[in-house]
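Student: need a structure here:
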Amino acid sequence: MIELKNVTKIYPGQSVPAVKELTLTIQDGETCVFVGPSGCGKSTILRMINRMIEPTSGTILVDKEDILNKDPDKLRMSIGYVIQQIGLLPHRTVAENVAIVPRLYGWSKEKISKRVDELLELVGLDPEESKFKYPAQLSGGQMQRVGVARAMAADPPIMLMDEPFGAVDPIVRGHLQDEFLRLQKEIKKTVCFVTHDINEAIKMGDTIAIFDIGTLIQHGTPQEILSNPANEFVSDFIGHDRVVKKLTLLQVSDVASGIACIVRENELNNISQKMQDEKTAVSILLNGSDSPCGLITAQDIEKASDASPDRLKEMALSKKGAFIEGTELLTDALSQMLEWDTEHLGVMNRNEICGVLSLTDIRKYASGKEGEE
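Tutor: Numbering: from 1, shown residues only. Below you'll find the model as predicted:
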């Protein structure tokens with residue numbers, strides 16, 4: 001969808017290129033995150049893609065067509081653009097802000113009104129509550145949502161997002177990131193997303209392009225970059241906790257490999273034999289309502305000086321919180337293991353037990369040995 005070939009940008013009066021001989025391909029429907037320190041050329045690349053500034057040399061293709069052959073205004077109307085400062089017109093209502101590009105296209109009032117309502121719902125705003133408000137009446141998070149809605153108004157195939165969530169507090173930022181990831185699953189736009197935050201890049205990107213002083217240092221999937229940083233700059237930039245960062249890339253259900261032995265209180269006398277028969281080292285205790293209320297391992301039983309049913313029940317209940325939804329991230333699982341002092345968690349699919357996650361499962365993935373027996 002977007003292809004940059006040997007693109008260079010040198011601003012007048014500067015000897016060092018803002019962008020130097022950049023060659024990069026972004027596939028249709030892909031979110032590519034540009035990340036790097038301030039002044040490394042990330043925003044300049046976005047502005048060259050929609051011709052807010054012109055490249056000094058090189059070629060930029062959008063859908064296989066050289067952008068220099070396109071009318072700049074029409075090009076920009078076909079590309080959604082979201083910036084950190086949002087840029088909503090203060091004297092226009094939310095609905096009027098969202099409708100700017102559709103009006104330029106000459107849409108009918110009825111079509112525009114329907115599209116505005118549709119988009120506000122899509123970004124999590126109640127149309128009736130928000131569309132007649134002015135930007136000053138909105139919170140920072142609400143304004144960012146309106147900015148995203150405006151960028152999507154004419155259903156552009158490409159969206160350029162320059163630090164779109166950087167001006168809001170961390171909690172709102174997390175909500176906005178999650179909302180956009182949900183949206184992207186539905187709308188499947190080609191997105192160029194600028195950030196200076198490597199954690200945001202890992203969370204948001206199908207691919208990540210890491211820059212330094214106008215030069216592309218490494219381009220790949222989050223998994224590739226975290227597993228094999230190209231050089232010391234990339235390694236330092238992504239941080240010494242890169243192995244832990246890998247745990248944000250997968251859900252618990254992607255890695256969990258174990259099965260659990262399900263027991264009730266009247267079966268605790270025979271728990272060791274039952275675990276052997278079912279070839280598992282983990283038992284999950286159910287209460288009278290058939291809900292999981294504790295977890296016990298073969299290792300726990302071996303260490304116990306008193307393996308009476310009462311003692312086993314007490315041991316199991318001491319890990320009453322050792323359960324996690326399969327949709328949670330591995331980082332959350334590791335945190336929960338540390339909190340409950342256990343190397344195993346029961347994996348849940350809502351109210352049903354669907355397996356066991358072990359610390360060994362996490363270790364194998366983190367070390368790149370998940371395919372080994």
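Student: quick one: residue 356 and residue 258 touch, right?
Tutor: Yes - using C-beta atoms under 8 Å, residue 356 makes contact with residue 258 at a distance of 3.4 Å. Where C-beta positions appear, they are placed from N, C-alpha and C, glycine not excepted.
Student: Overlap in contacts, those two.
Tutor: 280, 282, 344 (C-beta atoms under 8 Å, 6 or more residues apart in numbering).
Student: When residue 356 and residue 258 are compared, which one has more neighbours?
Tutor: Shown here are residue 356 and residue 258; by other C-beta atoms under 10 Å, residue 356 has more neighbours (24 against 17).
Student: How far off centre is stretch 27-36?
Tutor: Remark: stretch 27-36 is offset 12 Å from the chain centroid, using C-alpha atoms, centre = their mean, to the nearest Å.
Student: Show residues contacting it.
Tutor: 1, 24, 26, 42, 45-46, 157, 184, 188-198, 200-201, 204-212, 217, 237.
Student: Mind checking which of those are in helices?
Tutor: Among the contacts of stretch 27-36, the residues falling in helices (DSSP state H) are 42, 45-46, 184, 198, 200-201, 204, 237.
Student: Closest one to residue 244 out of those, please.
Tutor: Comparing these against residue 244 with C-beta to C-beta places residue 198 closest, at 12.3 Å.
Student: Tell me where the model's unsure across the stretch 201-350 of the chain.
Tutor: Scanning the stretch 201-350 of the chain for pLDDT under 70 picks out nothing.
Student: Strands of that one, start to end?
Tutor: 207-212, 215-220, 261-263, 282-286, 292-297, 323-325, 344-349 (DSSP state E, counting those that start in this stretch).
Student: how about TSV for those, with distance to residue 233 and mean neighbour count added?
Tutor: Formatted as TSV, these follow (distance: least, C-beta to C-beta, whole Å; neighbours: other C-beta atoms under 10 Å):
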stretch	distance to residue 233	mean neighbour count
strand 207-212	6	23
strand 215-220	6	18
strand 261-263	49	20
strand 282-286	43	24
strand 292-297	44	23
strand 323-325	36	19
strand 344-349	37	23
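Student: can I get these in CSV with distance to residue 133?
Tutor: Output for the strands of the stretch 201-350 of the chain, formatted as CSV (distance: least, C-beta to C-beta, whole Å):
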stretch, distance to residue 133
strand 207-212, 36
strand 215-220, 41
strand 261-263, 53
strand 282-286, 50
strand 292-297, 46
strand 323-325, 36
strand 344-349, 40
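Student: Okay, and the nearest residue to residue 97 once chain neighbours are set aside sits in which element?
Tutor: Of all residues not flanking residue 97 in the chain, residue 88 sits nearest, at 5.0 Å (C-beta to C-beta, 6 or more residues apart in numbering). Residue 88 belongs to no helix or strand when assigned by DSSP states H and E.
Student: State whether residue 88 and residue 145 are indeed in contact, as I suppose.
Tutor: No - with contact defined as C-beta under 8 Å, residue 88 does not count as touching residue 145 (10.8 Å).
Student: Show me which of the two is the more surrounded one.
Tutor: residue 145 (26 against 22).
Student: Checking the more buried one next. Helix, strand or coil?
Tutor: For residue 145, the assignment made with DSSP: H, G, I helix; E, B strand; the rest coil gives helix.
Student: residue contacts, it?
Tutor: Residue 145 touches 123-125, 176, 179, counting by C-beta under 8 Å, 6+ apart.
Student: Residue 307 versus that one, what's the distance?
Tutor: Using C-beta to C-beta, to the nearest Å, residue 145 is found at 57 Å from residue 307.
Student: Fine, thanks again, bye for now.
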